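A.B. asks: need coordinates for the following:
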Amino acid sequence: MFPRRLFCCLGLLATLSAVPALLRADEPKTVRPVTTISLMGREDHPFADYVVLDGSTLYVGFTSIDTLTIVDTDLNTFLAAVPDLPRIHSVAIVPGLGLGFTSNGGDDTVGVIDLGGRQIVHKIPGGVGPDAIIYDSKAGLLYVADHRGKTATLIDPKTEKTVATIPLGGTAEYPQADPKTGMVYQNLEDTSEVVVVDPKKQAVVQRFKTAPGEGPTGLALDAAHHRLFCACGNQKLVVLDAHDGRVVATLPIGAGVDFAAYDSRLRRIYTANGDSGTMTVIQQETPDKYTVLEDVPTHPGGHALAIDPNTHRIYLVYGGDVAVYDAVLPGKTPASQEGIGD
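C.D. replies: Now for the predicted structure:
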């Protein structure tokens, strides 16, 4: 998802990524730094593409060293590393099977991971340049965004067989699956579009333009209110109506954005802006009204994040570390926020 900016960020990481957010001049108002989880030495110049949270387990795909790293978020400690995953980008966790499936861009495969044993079982064929990978629970299928191939690959996780390869018409970045309908929304970076993929029809059924946003990368979904949050390379977050693609709102964000995430209970959108070293925090006042609350200083190269929907904790990866933040609301401490947004 992020290699196009890798060359400009890696040089900064070795010298700048050690600067903690706690030492910044302006104390953030919307988040509170909690701790930093160190996963490997900075001398290795590690690069992680995606970060995925499943329950109390965080999975970090270290593309630069072909390794999936596993973290216990209850204890904020390293658990295990699964190697031999060439240019791994991400992982999709399939409940009930005890398996994770990784997208390996180096050999165009999908790795099958035994989550209990924390080891690779085998690999199955993937598309051309598998990048993002998610589990569509409604359709019961893995959805793989093939960055170089400009296709989507659907895989049955039970049989581990490819069900379909769907032409997308553009460079696939991040997708989201609607848990109610099973429809998949897919960002296309080079055409500045979101396409809607119907797994049943095995086809693209709608195309939405993200203009004035250009080069969408990160994508988040408010399924309850049918809103898509497209994080775009020209420093804009574009909110689309998931039904018809209508542009609902456009908001300023930081430079070098790669990820967007939505906390449905706090009704907040977060974007990780690797080039500016910030995290933009946006409040959803109503499904049609949004306010930028803050651009929080984080870390140069911090482009990937995940949110715990229960604790509202935010995990942001930069270099070989994970910065951990708690969400804070005006007049409340993190411990007093339970029930907000229900």
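
A.B. asks: phi and psi next, for Asp66.
C.D. replies: Main-chain dihedrals, Asp66, degrees, to the nearest 10: phi 60, psi 40.

A.B. asks: what ranges do the helices span in this structure?
C.D. replies: 3-16 (DSSP state H).

A.B. asks: got any ranges where it has weak pLDDT?
C.D. replies: 1-26, 41-44, 330-342 (pLDDT under 70).

A.B. asks: can you show me the strands along the stretch 51-200 of the chain?
C.D. replies: All strands of the stretch 51-200 of the chain, identified by DSSP state E, counting those that start in this stretch, fall at 57-62, 67-72, 77-82, 88-94, 99-104, 109-114, 119-125, 130-136, 141-146, 151-156, 161-167, 172-177, 184-188, 193-198.

A.B. asks: ok, now which ones touch the residue positioned nearest the centre of the chain?
C.D. replies: When Cα atoms, centre = their mean is applied to the chain, the residue found nearest the centroid is Phe259 (5.1 Å). Phe259 makes contact with 174, 217-218, 231, 271-272, 303-305, according to Cβ atoms under 8 Å, 6 or more residues apart in numbering. All C-beta atoms are positioned from the backbone trio N, CA, C, and that covers glycine.

A.B. asks: which of those lies closest to Gly320?
C.D. replies: Ala304 (12.7 Å; Cβ to Cβ).

A.B. asks: related to what we said a few turns ago, which strand residues bridge the residue nearest to the centre of the chain?
C.D. replies: Beta bridges link Phe259 to Ala272, judged by DSSP bridges.

A.B. asks: hang on, the earlier thing: adding mean neighbour count and distance to Pro287, write the strands of the stretch 51-200 of the chain out as TSV.
C.D. replies: Formatted as TSV, the strands of the stretch 51-200 of the chain follow (neighbours: other Cβ atoms under 10 Å; distance: least, Cβ to Cβ, whole Å):
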stretch	mean neighbour count	distance to Pro287
strand 57-62	24	30
strand 67-72	21	34
strand 77-82	15	38
strand 88-94	25	28
strand 99-104	26	32
strand 109-114	22	35
strand 119-125	15	39
strand 130-136	26	23
strand 141-146	26	25
strand 151-156	22	27
strand 161-167	15	29
strand 172-177	26	16
strand 184-188	25	16
strand 193-198	22	17
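
A.B. asks: relative to Asp295, which of those strands is closest?
C.D. replies: So among the strands of the stretch 51-200 of the chain, strand 172-177 is nearest, using Cβ to Cβ, at 21.1 Å.

A.B. asks: do you know how far Leu219 is from Leu228?
C.D. replies: 7 Å (Cβ to Cβ, to the nearest Å).

A.B. asks: Gly116 too?
C.D. replies: Taking Cβ to Cβ as the criterion, Gly116 is separated from Leu228 by 35 Å.

A.B. asks: which of those two has more neighbours?
C.D. replies: Using other Cβ atoms under 10 Å as the criterion, Gly116 and Leu228 rank with Leu228 on top: 26 against 8.

A.B. asks: correct me, but the more buried one touches His243?
C.D. replies: No. The pair Leu228 / His243 is not scored as a contact, 10.1 Å apart, by Cβ atoms under 8 Å.

A.B. asks: can I get the strands of the stretch 51-200 of the chain in JSON lines with distance to His299?
C.D. replies: Formatted as JSON lines, those follow (distance: least, Cβ to Cβ, whole Å):
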{"stretch": "strand 57-62", "distance to His299": "15"}
{"stretch": "strand 67-72", "distance to His299": "17"}
{"stretch": "strand 77-82", "distance to His299": "19"}
{"stretch": "strand 88-94", "distance to His299": "20"}
{"stretch": "strand 99-104", "distance to His299": "25"}
{"stretch": "strand 109-114", "distance to His299": "28"}
{"stretch": "strand 119-125", "distance to His299": "30"}
{"stretch": "strand 130-136", "distance to His299": "22"}
{"stretch": "strand 141-146", "distance to His299": "26"}
{"stretch": "strand 151-156", "distance to His299": "32"}
{"stretch": "strand 161-167", "distance to His299": "36"}
{"stretch": "strand 172-177", "distance to His299": "21"}
{"stretch": "strand 184-188", "distance to His299": "24"}
{"stretch": "strand 193-198", "distance to His299": "29"}
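
A.B. asks: among those strands, which is nearest Pro252?
C.D. replies: Ranking these by proximity to Pro252 (Cβ to Cβ) places strand 184-188 first, at 18.9 Å.

A.B. asks: so how far is the closest one from its chain's centroid?
C.D. replies: A distance of 13 Å separates the centroid of the chain from that of strand 184-188, by Cα atoms, centre = their mean, to the nearest Å.

A.B. asks: against which helices or strands is it packed?
C.D. replies: Using 3 or more Cβ pairs under 8 Å, 6 or more residues apart in numbering; DSSP states H and E, the elements in contact with strand 184-188 are strand 172-177, strand 193-198, strand 216-222.

A.B. asks: could you dump those to TSV with distance to Asp321?
C.D. replies: Converted to TSV, those look like this (distance: least, Cβ to Cβ, whole Å):
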stretch	distance to Asp321
strand 172-177	22
strand 193-198	32
strand 216-222	20
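
A.B. asks: to Pro130, which of the ones you listed lies closest?
C.D. replies: Using Cβ to Cβ, those put strand 172-177 closest to Pro130, at 9.4 Å.

A.B. asks: understood, closing this out.
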